[in-house]
Structure formats: structure tokens, C-alpha cells
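> sequence and predicted structure, then a few things I'm wondering about:
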Amino acid sequence: MNKLFRSTSNRRLTGLCGGLGEYLGISPTLLRLITIIAAFCSFGTTILIYFIASLFIPKQSYVHYL
């Protein structure tokens, strides 16, 4: 079962679009473009939702095996 995390390897700002892309199985670049377009169309509400989601969605942690 996949869990939603903010990506630590595929990040531009907070890693949210990278993590969503991995979770949904689509390109993070496409999600970033959709986020930018939605930010202009919603007069900034999308940006507020993006940063609130970044506060609640945890960062991806790596398990190191020996």
C-alpha cells in the first residue's frame, strides 16, 4: 500500500508535487504545471492550500539497510 509523503529526491520547493506524482503514478512536472495554472486561476488560493498541505504531509524517510 502506497503512502503519501513529500519527496526528498524529486523536489523543487517543498517536495509535495514530487510526492503526489509518485503516489498517483503521474509525472511531477505535469502536477507542477497544473499547480501553477490553478494558482493563477484561483487568485492564490491554491498556493495557500499547497503550503498547508506541505505542513501536514510528512517528508519521506529512508530506511538504511546494512
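Sure thing, it's come through.
> output the longest helix belonging to this structure.
The longest helix of the chain (DSSP state H) is helix 28-41.
> quick one: residues in contact with that helix.
Contacts of helix 28-41 with the rest of the structure, by CB atoms under 8 Å, 6 or more residues apart in numbering, involve 7, 10, 12, 17-18, 20-22, 24, 46-47, 50. Every residue, glycine included, has its C-beta placed from N, CA and C.
> tell me which two of those sit farthest apart.
22 and 47 (21.8 Å; CB to CB).
> can you list the buried residues in stretch 21-41?
Within stretch 21-41, the residues that count as buried by 16 or more other CB atoms under 10 Å are 21-22, 28, 31-32, 35, 39.
> and stretch 21-34, how far apart are its ends?
Stretch 21-34 stretches 12 Å from its first residue to its last (CA to CA, to the nearest Å).
> rounded mean pLDDT for it, please.
Taken as a whole, stretch 21-34 has a mean pLDDT of 93.
> do stretch 48-57 as well
Averaged over stretch 48-57, pLDDT sits at 93.
> hmm, who's touching that stretch?
4-6, 14-16, 19, 35, 39.
> ok, back up a step: which of the contacts of helix 28-41 has the most neighbours?
residue 17 (25 neighbours; other CB atoms under 10 Å).
> run through the neighbouring helices and strands of the helix or strand hosting it.
Per DSSP states H and E, residue 17 falls inside helix 16-24. On a contact count with 3 or more CB pairs under 8 Å, 6 or more residues apart in numbering; DSSP states H and E, helix 16-24 meets helix 28-41, helix 45-56.
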